[in-house]
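Peer 1: sequence and predicted structure below; questions after.
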Amino acid sequence: MKLFSQIKEKLTRKPKEQPIEVVRLEEVDSTNSYLRTYSPHSDADMIVVTTEYQTAGRGQGTNHWESARGENLLFSLLIHPSWVPVGRQFLLSEAGALAIKEVLDHYTEGISLKWPNDIYWHDSKLSGTLIETSVSSQGIRKCIYGVGLNVNQTSFPSTLPNPVSLRQILGHDVDREKLLQALLASFKKYYELTREGAYGAISELYFESLYWRDGYHVFCDQDGQFEGKIFGVEDDGRLLLHDREGRVREYAFKEVEFSIPSAH
């Protein structure tokens, strides 16, 4: 609990002034893909690429991210967190998810983090992320954190099971630029916390913010459906569940699904 109180105190600080290079595009295939080959024009500690529309928006694995032109936030950040051990790179996912949640908590209640890195409002998906890291023998060389956040879109493809936007939640349009600037400030703050080595506190806060953290819920793995309770997340990002028979089940990304009732 000492670590938890320390991070709470640090989160009240104003983030350190760090240079950010922002690239604004009207259209691109994917902001993550763009950053992978981008040559910086400055020595900025963080580079941000934002666009009005993605022709090939990407999600985890083979997933795609659907977004209407000019209605949402689509951006990626490039950072170089060389101090984070390769075996603990999931910490970057936790910190990024917490940064988004902190901002969205100012807009509405009911925000949680669905493992590994989606943002939920109750049982609906508000934001998705795609995190790509490059490592070497010396450690993490760079990390690209791509974010798709539903802001003012009100109509979604029927193929998406449970999307929601801030506009649908709040009943009015949201200033996307103001939201973006708040998100970047929050990312800077959590990025600095990783630099300070607040690993345990970040992981604890992430666990406290998890969707379905309390009680038993229905999950599905390669053997079928079962009821389980989340009781931990390993340093490498593996999800730990207790099932009704008292067995411990451990899952990497894409090895287990949350059986969430469709909103349609």
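Peer 2: Looks like it came in fine.

Peer 1: ok, residues contacting stretch 28-36?
Peer 2: Contact with stretch 28-36 is made by 23, 25, 47, 49-51, 53-58, 74-76, 78, 130, 132, 144, 146, as judged by C-beta atoms under 8 Å, 6 or more residues apart in numbering. From N, CA and C alone the C-beta is placed, and that goes for glycine too.

Peer 1: rerun that using 10 Å as the cut-off
Peer 2: 23, 25, 38, 47-58, 64-65, 74-78, 129-132, 134, 142, 144-148 (C-beta atoms under 10 Å, 6 or more residues apart in numbering).

Peer 1: quickly list what residue 51 is bridged to.
Peer 2: Here residue 51 sits in beta bridges with residue 25, residue 74, going by DSSP bridges.

Peer 1: er, residue 130 actually
Peer 2: Here residue 130 sits in beta bridges with residue 146, going by DSSP bridges.

Peer 1: for residue 119, see how far away it is.
Peer 2: Residue 130 is 13 Å from residue 119, where distance means C-beta to C-beta, to the nearest Å.

Peer 1: which neighbours do the two share?
Peer 2: Listed contacts common to residue 130 and residue 119 are 147, 148; contacts here mean C-beta under 10 Å, 6+ apart.

Peer 1: where does the residue most central in space within the chain land on pLDDT?
Peer 2: Nearest residue to the geometric centre of the chain (C-alpha atoms, centre = their mean): residue 97, 3.6 Å. As predicted, residue 97 sits at a pLDDT of 97.

Peer 1: wait, doesn't it sit right on residue 127?
Peer 2: Yes: under the criterion of C-beta atoms under 10 Å, residue 97 makes contact with residue 127 at 8.9 Å.

Peer 1: any shared contact partners between the two?
Peer 2: Contact criterion C-beta under 10 Å, 6+ apart; residues shared by residue 97 and residue 127: 113, 114, 117, 118, 119, 147.

Peer 1: which stretches of this protein have low pLDDT?
Peer 2: Within the chain, the segments meeting pLDDT under 70 span 1-18, 57-66, 263-264.

Peer 1: quick one: the strands in it?
Peer 2: Applying DSSP state E to the chain gives strands spanning 20-25, 46-51, 73-79, 111-114, 118-121, 124-136, 139-149, 217-221, 224-233, 239-243, 248-251, 257-258.

Peer 1: and the second one with strand 20-25, angle?
Peer 2: Same thing as strand 46-51. Counting by axes from the mean of the first three to the mean of the last three C-alpha atoms, to 10 degrees, strand 46-51 lies at 20 degrees to strand 20-25.

Peer 1: now do strand 46-51: which elements does it pack against?
Peer 2: When contacts are defined as 3 or more C-beta pairs under 10 Å, 6 or more residues apart in numbering; DSSP states H and E, strand 46-51 sits against strand 20-25, helix 31-36, strand 73-79, strand 139-149, helix 176-195.

Peer 1: who are the packing partners of the last one?
Peer 2: By that I understand helix 176-195. Helices and strands touching helix 176-195, as assessed by 3+ C-beta pairs under 10 Å, 6+ apart, comprise helix 2-10, strand 20-25, strand 46-51, strand 73-79, helix 90-104, strand 139-149, helix 199-208.

Peer 1: kindly present these as TSV, with separate columns for distance to residue 235.
Peer 2: Formatted as TSV, the helices and strands packed on helix 176-195 follow (distance: least, C-beta to C-beta, whole Å):
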stretch	distance to residue 235
helix 2-10	15
strand 20-25	29
strand 46-51	24
strand 73-79	19
helix 90-104	7
strand 139-149	14
helix 199-208	7
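
Peer 1: got a list of what residue 101 touches?
Peer 2: By C-beta under 10 Å, 6+ apart, residue 101 lies in contact with 111, 112, 113, 119, 120, 126, 127, 186, 205, 206, 209.

Peer 1: go with 7 Å
Peer 2: The contact partners of residue 101, taken as C-beta atoms under 7 Å, 6 or more residues apart in numbering, are 111, 113, 119, 209.

Peer 1: those residues: which two are farthest apart?
Peer 2: Spatial extent of these (C-beta to C-beta) is set by the pair 119 and 209 at 9.9 Å.

Peer 1: mutual contacts of the two, please.
Peer 2: 101, 113.
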